[in-house]
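K.L.:
have a look at this fold, sequence not included:
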Ligand code: NAD
Ligand code: 6OD
């Protein structure tokens, strides 16, 4: 089955104070379909001026209409945004696929339903949580009073555009904040549609604002340094996080960071290999490996190393790479030419470092256009190879054998990153023991990317600052005052 491929050019405008607007200087840039290299439409290129308009609108809305809406009303509006996303699921999945190169089927099954659920979850959560309260003998009672942080800048990456934007926007709105959003320049479409949805759901003008553009010296930089933005929620690369932190320093903004990962996938010999292979195919190559949680460093206990490599390579060869709009496609196109060239350069590094490419490493035969790369499996690399150390963020994994538990823990932690890890074993004691020693914010045992939105989510070391999920999200998007009443 083929999904509708004819695309009406979609020209993405900024959304400021409830209106779609061009840039003051009318500047635009082209949005390219990574699977065909055709132009999908134009995108308004914002900068300081547009960000400033957006911040002023957000500030007015914060102290005006949004403040007057009760918690229950706000929860209903947030729920309605989720409902409207589901009503437009097919359209949004198609736009996400065209923009990112990811399979339409994946966007429809995962990205868009999860985007809706982010709103549904926080709509329920925000009205069911309490606040800290303590009675101190007969002397006093203390309680924490929660208020919004203020105007929040939300700066987004391109890999799961709507899923990740809504993961931040839903709790931001739940706590009564207003937002100035900058989507990634390569994937502007679903964020633009979300603005229509917010308006239709009853979000007052100025509460959500969207400014398209690039990073430094553009909309991203303008958000980071704007003196009237109170907090920044950022998802992206650690280097960008550093740049934002420097720009945000002068106005001492509150920061929440979800950054990159080079996540270990540790497979002990006693694990259920059928289950391991099935899940490891997903954790390696889903979304073309462009998921920060992908287990790109696979460590396999020596007794099952050869069998694992052979079965994993066979299963990988079964994956269908190609047209993202084709229903059967498992692996689509990488997001852009720049990213494609970068990912391919790691295959060259692997070859130069003496690695063996078991499958992949090249453009699929018969596909002449688009940024397609076959899923790639590499063995034989030293731990110092850049392929083993750096985040590749593409369909490329390395496999390394290990003999001892201590050895694999040391290798897993031998990285600046600390986002996620997966451990495969049927020995419960070993699972706990190893999990407690792995330096990562999210550790899965015998599964991968199984999410419960109440749990703490985020990375340690260079993989992030702070946690999101449930109360952790609400904490970031609120300021607490402790109030003490003498009895
Ligand atoms: P990126 O850091 O290059 O860009 C992210 C956003 O920041 C974009 O909107 C970009 O325009 C903007 N930006 C760039 N420079 C800026 C600057 N100096 N000031 C302000 N804004 C700036 O990241 P990317 O390439 O879009 O995304 C891939 C990265 O994101 C990977 O490292 C991946 O692991 C990470 N990521 C992490 C998570 C997580 O949950 N931890 C989720 C998704 C992606
Ligand atoms: O599931 C989530 O909440 C989340 N933030 C996933 C991030 C995936 C990174 O690419």
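P.N.:
Alright, I've got the coordinates. For clarity, every value in this text was computed on a predicted model and none was experimentally measured. Ligands and ions are numbered 1, 2, ... in the order given.

K.L.:
from here on, contacts and neighbour counts on C-alpha atoms
P.N.:
OK.

K.L.:
surely residue 126 meets residue 74?
P.N.:
No: using Cα atoms under 8 Å, residue 126 is not in contact with residue 74, being 9.4 Å away.

K.L.:
now do the shared contacts for the two.
P.N.:
Common contact partners of residue 126 and residue 74 (Cα atoms under 8 Å, 6 or more residues apart in numbering): residue 174.

K.L.:
what about the two, which has more around it?
P.N.:
Neighbours per residue, other Cα atoms under 10 Å: of residue 126 and residue 74, the larger number sits with residue 74, 23 against 19.

K.L.:
any residues touching the host helix or strand of that one, and which ones?
P.N.:
When elements are assigned from DSSP states H and E, residue 74 belongs to helix 71-87. Here helix 71-87 makes contact (Cα under 8 Å, 6+ apart) with 92, 112-113, 115-120, 122-124, 126-127, 170, 173-174, 194, 197-198, 201-203.

K.L.:
quick one: buried residues of that helix?
P.N.:
Of the residues in helix 71-87, 71, 74-86 count as buried by neighbour count, 16 or more other Cα atoms under 10 Å.

K.L.:
ok, and of those residues, which contact ligand 2?
P.N.:
Subset of those in contact with ligand 2: empty, counting by Cα under 6 Å from any ligand atom.

K.L.:
close to ligand 1, is stretch 396-416?
P.N.:
No: residues of stretch 396-416 are not located near ligand 1 by Cα under 6 Å from any ligand atom, the shortest gap being 12.4 Å.

K.L.:
circling back: average pLDDT across the helix holding residue 74?
P.N.:
Averaged across helix 71-87, the pLDDT comes to 98.

K.L.:
in stretch 248-267, which residues are buried?
P.N.:
Buried-residue list, stretch 248-267, by 16+ other Cα under 10 Å: 248, 253-267.

K.L.:
that one vs ligand 2: in contact?
P.N.:
No: residues of stretch 248-267 are not located near ligand 2 by Cα under 6 Å from any ligand atom, the shortest gap being 7.5 Å.

K.L.:
start to end distance for that stretch?
P.N.:
One end of stretch 248-267 to the other measures 41 Å (Cα to Cα, to the nearest Å).

K.L.:
what is the mean pLDDT for it?
P.N.:
The model assigns stretch 248-267 a mean pLDDT of 98.

K.L.:
residues of the stretch 201-350 of the chain that sit close to ligand 2?
P.N.:
Going by Cα under 6 Å from any ligand atom, the residues of the stretch 201-350 of the chain near ligand 2 are 291-293.

K.L.:
neighbour-wise, which one of those leads?
P.N.:
Neighbour-wise, these (other Cα under 10 Å) top out at residue 292, 25 neighbours.

K.L.:
that one in helix, strand or coil?
P.N.:
Following DSSP: H, G, I helix; E, B strand; the rest coil, the label given to residue 292 is coil.

K.L.:
for burial, what's the neighbour tally of residue 431?
P.N.:
With other Cα under 10 Å as criterion, residue 431 counts 18.

K.L.:
thinking it is in contact with residue 445, fair?
P.N.:
Yes: shown here, residue 431 and residue 445 form a contact pair, counting by Cα under 8 Å, at 6.9 Å.

K.L.:
what residues are shared contacts of these two?
P.N.:
Applying Cα under 8 Å, 6+ apart, one finds that residue 431 and residue 445 are jointly contacted by 423-425.

K.L.:
nearest to ligand 1, of those?
P.N.:
residue 423 (19.0 Å; Cα to the nearest ligand atom).

K.L.:
for that closest one, what are its contacts?
P.N.:
Per Cα under 8 Å, 6+ apart, neighbours of residue 423: 265-268, 431, 434-435, 443-446.

K.L.:
of all those residues, which two lie farthest apart?
P.N.:
Distance extremes for these: the farthest pair is 268 and 443 at 15.2 Å, using Cα to Cα.

K.L.:
which one of these two is surrounded by more residues?
P.N.:
The residue with more neighbours, out of residue 268 and residue 443, is residue 268; 27 against 22, by other Cα under 10 Å.

K.L.:
ok, now which ones touch the more buried one?
P.N.:
If you count contacts by Cα under 8 Å, 6+ apart, then residue 268 has 300-301, 423-425 around it.

K.L.:
got the phi and psi for it?
P.N.:
The phi/psi pair for residue 268 (degrees, to the nearest 10) reads phi -80, psi 160.

K.L.:
for residue 296, which non-adjacent residue is closest in space?
P.N.:
residue 397 (4.6 Å; Cα to Cα, 6 or more residues apart in numbering).
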